[in-house]
Structure formats: C-alpha cells, structure tokens
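*Asks:* need a structure here:
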Amino acid sequence: PLFRFFEWSILQDLRVKCELTHHVICCIFAEESSPVIGLRSFVMPLRASNFDENELKPVVFIGNSAFLRKEWRHICNFPKVY
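*Replies:* Below you'll find the predicted structure:
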C-alpha cells in the first residue's frame, strides 16, 4: 500500500541522512490518543552539554506519526534527533 511505501521512503531518506551507524533507536508503542510521555526527558541526558558535537549519537524515534507529532515540538531543537 501507499502508506507502507511512504514509511519505507522516509526510512530510506533517514538512512542516507544519518547512515544509521552508532545510533540510538527508540520504538514508541503508542496510539494517536495516548497521552504524551515526555520524550524530552529521554533526550536531554543524551544531549548533555559536556558532549562535543562529534560525540552525539543520532536518536531515531519510530512509532505512530500522529503521536510523535505531539511530542516533536519538545524535542525538535535537539541536534541529530529524527
């Protein structure tokens, strides 16, 4: 189906952008109607100020896109978060 192709193409673009090596993958099992879980609290220690830019591992969130949109505004300004 078209939706699966869309998901696949997003992952392909993501693979090209960050090469998915030495990364953190976080699978979020939530529905669109689920309450937010505070992904910012998860990301903050991974982006502590004592890390140099080249030490940061990409963080990739995989899950329901409607749910992740609700959390995205809290994590979108962190570097290398997808």
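*Asks:* how close does the residue positioned nearest the centre of the chain sit to residue 52?
*Replies:* Centroid-nearest residue in the chain, with CA atoms, centre = their mean: residue 61, separated by 3.0 Å. Counting by CB to CB, to the nearest Å, the gap from residue 61 to residue 52 is 23 Å. For glycine as for every other residue, the C-beta is placed from the backbone atoms N, C-alpha and C.
*Asks:* follow-up on the earlier one: you'd agree the residue nearest to the centre of the chain is up against residue 68?
*Replies:* Yes. Contact criterion CB atoms under 8 Å: residue 61 and residue 68 qualify, at 5.8 Å.
*Asks:* Quick check: neighbours shared by the two?
*Replies:* residue 28 (CB atoms under 8 Å, 6 or more residues apart in numbering).
*Asks:* mind listing the strands in this protein by residue range?
*Replies:* 24-28, 59-63 (DSSP state E).
*Asks:* Out of the ones you listed, which is the most enclosed?
*Replies:* strand 59-63 (a mean of 18; mean count of other CB atoms under 10 Å).
*Asks:* what's the angle between that one and strand 24-28?
*Replies:* Comparing the axes of strand 59-63 and strand 24-28 via axes from the mean of the first three to the mean of the last three CA atoms, to 10 degrees yields an angle of 20 degrees.
*Asks:* avg pLDDT for strand 59-63?
*Replies:* Averaged across strand 59-63, the pLDDT comes to 91.
*Asks:* what helices or strands is that strand leaning on?
*Replies:* strand 24-28 (3 or more CB pairs under 8 Å, 6 or more residues apart in numbering; DSSP states H and E).
*Asks:* re the thing from before, save the strands of the chain as a markdown table, and put in distance to residue 46 too.
*Replies:* Converted to a markdown table, the strands of the chain look like this (distance: least, CB to CB, whole Å):
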| stretch | distance to residue 46 |
| --- | --- |
| strand 24-28 | 7 |
| strand 59-63 | 6 |
